[in-house]
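1. Have a look at this prediction, sequence included:
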Amino acid sequence: MRLLLIEDEQRLADNIAAALREAGFAVDHAADGVAGSQLAEQDVFDAIILDLMLPGKSGQRVLCDLRRSRHTPVLILTAQEDKESVVELLNSGADDYLAKPFDLGELIARVKALIRRSKGGASPVLRVLDVELDTIRQSVTRRGLQIDLSPTEFRILEYLAHRPRAVVSKRELLEHLYDYDWEHHSNVIEAHVSNLRRKLNLEGTEQLIETLRHRGYRLREGLL
Amino acid sequence: MREPASITKRLILSVLLFELLAALALITAVTVNEQRAQYKVFDANLRGTSNVLFGSVQDAEDADDSIILELHSLTLPKDAVFRVTDESGKILGAAGDLPELSLKPESFQRAQVSGRSYRFFMLTGERIIDPGQNGGVHHHVTIVYGLPDGHVWHEVLESVRFFTLSTFVLLGITALLLVWLIRRFLAPIHELAGKANEISAIDWQFHSPESARQFIELRPLASAIDKTIARLHRSFEQQRRFTSDAAHELKTDLAIVKSSLQLLAMKRRSVEEYERGLALGLDDFSRLEHTVQKMLTLARLEQPLHAGAQSCRMDEVLEEAIYQGSSLAEIRQVRILASPRTPATTPLDRRDALLLCSNVLLNALQHSPERSSVEVSSVIVDHHIRLTIRDHGEGIREEDRRFLFEPFYRGDPSRSRKSGGTGLGLSICKAICTRVGGDIDIANHPEGGAIVTITLPLTASSSEPQLSASLKA
């Protein structure tokens, strides 16, 4: 999953980005409203974390502009606590908010919940055929057997599981798994998918991931 | 506790008091006048009856041509007292006990008759008997006639009583009318008070009611309330903005500290990672500490100062500030050019003065391009020392000028905390200057760059020698 963090306070941005990366997200960072707004317009982010007090362009306006064309979930970080501004924020299209100083763990949990909901599932456990993904514990089981995946493999499977039946292009997968320098990873994605396929392939089970030549990948039908 | 005084009550009471005094004067005048009128009637009555008595003196038809008093056809009041005498003192007729009187003809006198007050009149006249024969016989008749005058006083009192009664009834009606009228006239004041009462910290709206603007007496009050509210609102808003900005600032710093530590605690890390994390966390803590310190400094400076408690040599402070700034100047390759400094003593605490000078100087250094200079000079004008610090940077935006000394104001929002510090530096400078009656101003130099002018009063005792020193310099 790829996140956009728009936060002008460099130290805070560093900490949030580091924590999110450790939690398995790809994170892009914008230090002001204008750059943040431009980045947000690209449809590659699964969620946006937006600070309200931004130089260049206020978080409020970034949100309004974004909501004209995109439905990317937005979590607001704010130091204002009055109920009115929170109501106003939620009304103008924010999906969630956290008041500073917040808990990093809570931030990560809320971002995960936001992404889950935006992909259409409320449960943190995704089921595809006989495979179960626990997005909290980051564990995968097939027919009750624990399957040991690398973080990247897990993220690929998680992303595909969020979009059942859809064909996901290699580029889309890359965009959502890595931050701005995803192109450096384009050669390894096939290797990761092939590893993932191999690990998931238990005896007497169907192939879970289909490869559609020149189009991308898709999870097998009859799911969920 | 004393009951609060009421203008309405006072107005009504004073109007009524004046009315009462007027009524009393009027009653006295009426009494005097009534008494006079009543006596006039009474006297006319006495005189008339006396004349009738005189008319009743008739020829006795005897040889002496004497006279008698014929009273058959006359009815006199029962309590009337009279005596008719002729020239020889012979009593022709009398009734009642006539007291000793010293009456002159055609005059009145009061006297007591058996314990009652009487008024007497004396009439004299010539009665001629048989005027046809040798001119007739002349008789000089004297009539003294008196009636009790008690009922005159009774009449006077009766009419005065009626008059007094009606006056007091009128007074009562006036009082009621006054209360009603004054209430009505004072209604705009109550309305104004009501409107003013609606103002609260949440709702600062104040529109003086139409009725208050209608009366010239209330207009100044309404406009004073208007202005006071506006002033209070402004300072309240300023305070609220400060609190909210301060909270924002502190929360941001806290968020950084907290997230640094939480990041470190997310998983087991290597010793190097912990060391690096702790160092960063300490830096974050220092920044939080710095913000808090500046806020406390500002709060301290906003307290009123005990006059004359401290003083410092401004030239020495300036030298120290330049020394402190020299390392930053070296790093940024900026030269500090200081004109010969004028010795001057200001009523500032030395630490505050140093804070002021170094804040302004560091600000100038931070905004100076490389290989430029910052010029510092001081002159003494009119018992004040004027410091100017000029840089050759980008200057200030004219629209920011008004707000630069407001806490947390950062001007161009794209210059965030990274370059602008806490946004309290200039506010602290302003507070230091204002506390001793000085001033600080920032403007653009006509040839580019910003110029900060600090004006500080000199300590009274030291201003004279300093003036001559400055002339020498």
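-> Right, received. Where do you want to start?
2. need the strands for chain B, in chain order.
-> B:57-59, B:67-69, B:81-85, B:91-95, B:108-113, B:116-129, B:137-148, B:312-313, B:335-338, B:345-346, B:373-381, B:384-390, B:439-444, B:450-457 (DSSP state E).
3. Turn these into CSV, including mean pLDDT.
-> Output for the strands of chain B, formatted as CSV (pLDDT from 0 to 100):
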stretch, mean pLDDT
strand B:57-59, 83
strand B:67-69, 83
strand B:81-85, 89
strand B:91-95, 85
strand B:108-113, 87
strand B:116-129, 88
strand B:137-148, 88
strand B:312-313, 88
strand B:335-338, 88
strand B:345-346, 88
strand B:373-381, 90
strand B:384-390, 91
strand B:439-444, 90
strand B:450-457, 91
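4. Of all these, which one is nearest A:Asp32?
-> strand B:450-457 (24.2 Å; Cβ to Cβ). In this view, the C-beta of every residue, glycine as well, is placed from N, C-alpha and C.
5. Work out the gap between the closest one and the centre of the chain.
-> 40 Å (Cα atoms, centre = their mean, to the nearest Å).
6. what comes up buried for it?
-> Neighbour-count burial for strand B:450-457, with 16 or more other Cβ atoms under 10 Å in any protein chain shown as criterion, is recorded at B:450-452, B:454-457.
7. Output these in JSON lines; the columns should cover distance to A:Leu129.
-> JSON lines is the format used below for the buried residues of strand B:450-457 (distance: Cβ to Cβ, whole Å):
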{"residue": "B:Ala450", "distance to A:Leu129": "69"}
{"residue": "B:Ile451", "distance to A:Leu129": "75"}
{"residue": "B:Val452", "distance to A:Leu129": "72"}
{"residue": "B:Ile454", "distance to A:Leu129": "77"}
{"residue": "B:Thr455", "distance to A:Leu129": "81"}
{"residue": "B:Leu456", "distance to A:Leu129": "81"}
{"residue": "B:Pro457", "distance to A:Leu129": "85"}
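8. before we move on, back to that, turn the strands of chain B into CSV, columns for distance to chain A.
-> Output for the strands of chain B, formatted as CSV (distance: least, Cβ to the nearest Cβ, whole Å):
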stretch, distance to chain A
strand B:57-59, 117
strand B:67-69, 116
strand B:81-85, 105
strand B:91-95, 109
strand B:108-113, 97
strand B:116-129, 94
strand B:137-148, 97
strand B:312-313, 37
strand B:335-338, 30
strand B:345-346, 38
strand B:373-381, 26
strand B:384-390, 27
strand B:439-444, 21
strand B:450-457, 21
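9. Which one of the ones you listed lies nearest to B:Thr49?
-> strand B:137-148 (5.6 Å).
10. so who does B:Asp283 touch?
-> Applying Cβ atoms under 8 Å, 6 or more residues apart in numbering or on different chains, we find B:Asp283 in contact with A:Arg11.
11. how much space between it and B:His248?
-> Taking Cβ to Cβ, to the nearest Å as the measure, B:Asp283 falls 20 Å from B:His248.
12. State the pLDDT value of B:Glu464.
-> At B:Glu464, the model reports a pLDDT of 46.
13. wait, A:Val86
-> pLDDT, A:Val86: 80.
14. what's the answer for B:Val32, then?
-> On pLDDT, B:Val32 comes in at 92.
15. B:Ile225 too?
-> If you check B:Ile225, the pLDDT there is 85.
16. Enumerate the residues of chain A near chain B.
-> Applying Cβ under 8 Å from any Cβ of the partner chain, we find that chain A lies next to chain B at A:8-12, A:15-16, A:18-19, A:22, A:32, A:53, A:55-56, A:79-80, A:99-105.
17. now these: which count as buried?
-> A:8-9, A:11-12, A:15-16, A:18-19, A:32, A:53, A:55-56, A:79-80, A:100-102, A:104.
18. Which of those fall within helices?
-> Within these, membership in helices is found for A:11-12, A:15-16, A:18-19, A:104, as judged by DSSP state H.
19. Could you dump the residues you listed into CSV with pLDDT added?
-> CSV is the format used below for those (pLDDT from 0 to 100):
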residue, pLDDT
A:Arg11, 89
A:Leu12, 91
A:Asn15, 93
A:Ile16, 94
A:Ala18, 92
A:Ala19, 92
A:Leu104, 90
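20. Among these, pick out the one closest to B:Ala338, please.
-> A:Arg11 (36.4 Å).
21. From B:Ser14, how far off is the closest one?
-> Counting by Cβ to Cβ - A:Arg11 and B:Ser14 are separated by 75 Å.
22. now do A:Gly120
-> The spacing between A:Gly120 and B:Ser14, counted by Cβ to Cβ, is 85 Å.
23. for B:Ser311, same thing?
-> For B:Ser311 relative to B:Ser14 (Cβ to Cβ), the value is 58 Å.
24. Of these two, which one has the most company?
-> B:Ser311 (18 against 10; other Cβ atoms under 10 Å in any protein chain shown).
25. contacting residues for the more buried one?
-> Counted by Cβ under 8 Å, 6+ apart, B:Ser311 has contacts B:345-348, B:459, B:462.
26. Swap in 7 Å and give it another go.
-> Residues near B:Ser311 by Cβ atoms under 7 Å, 6 or more residues apart in numbering or on different chains: B:345-347, B:459.
27. May I ask which of the residues you listed has the most neighbours?
-> B:Thr346 (25 neighbours).
28. How about that one: which residues does it bridge to?
-> Listed beta-bridge partners, B:Thr346: B:Cys312 (assigned using DSSP bridges).
29. just checking, it touches B:Ile385?
-> Yes: here B:Thr346 lies in contact with B:Ile385, judged by Cβ atoms under 7 Å, at a distance of 6.3 Å.
30. Overlap of the contact sets of the two?
-> B:314, B:456, B:458.
31. Distance to B:Pro304 added to those residues, as a markdown table?
-> As requested, the shared contacts of B:Thr346 and B:Ile385 are exported to a markdown table (distance: Cβ to Cβ, whole Å):
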| residue | distance to B:Pro304 |
| --- | --- |
| B:Met314 | 22 |
| B:Leu456 | 17 |
| B:Leu458 | 20 |
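32. if we can go back for a sec, state the pair within the buried residues of strand B:450-457 that is farthest apart.
-> Greatest spacing in these, by Cβ to Cβ: B:Ala450 and B:Pro457 (24.2 Å).
33. can you tell me the residue of the stretch 101-250 of chain B closest to chain A?
-> B:His248 (4.3 Å; Cβ to the nearest Cβ).
34. from memory that residue sits against A:Thr78, does it?
-> No: in this structure B:His248 lies outside contact range of A:Thr78 using Cβ under 7 Å: 9.1 Å.
35. Count the neighbours of residue 114 for me.
-> Answering for chain A, as no chain was given. Neighbour count for A:Leu114, taken as other Cβ under 10 Å: 21.
36. hmm, I had chain B in mind actually
-> Per other Cβ under 10 Å, the neighbour tally for B:Ser114 reads 10.
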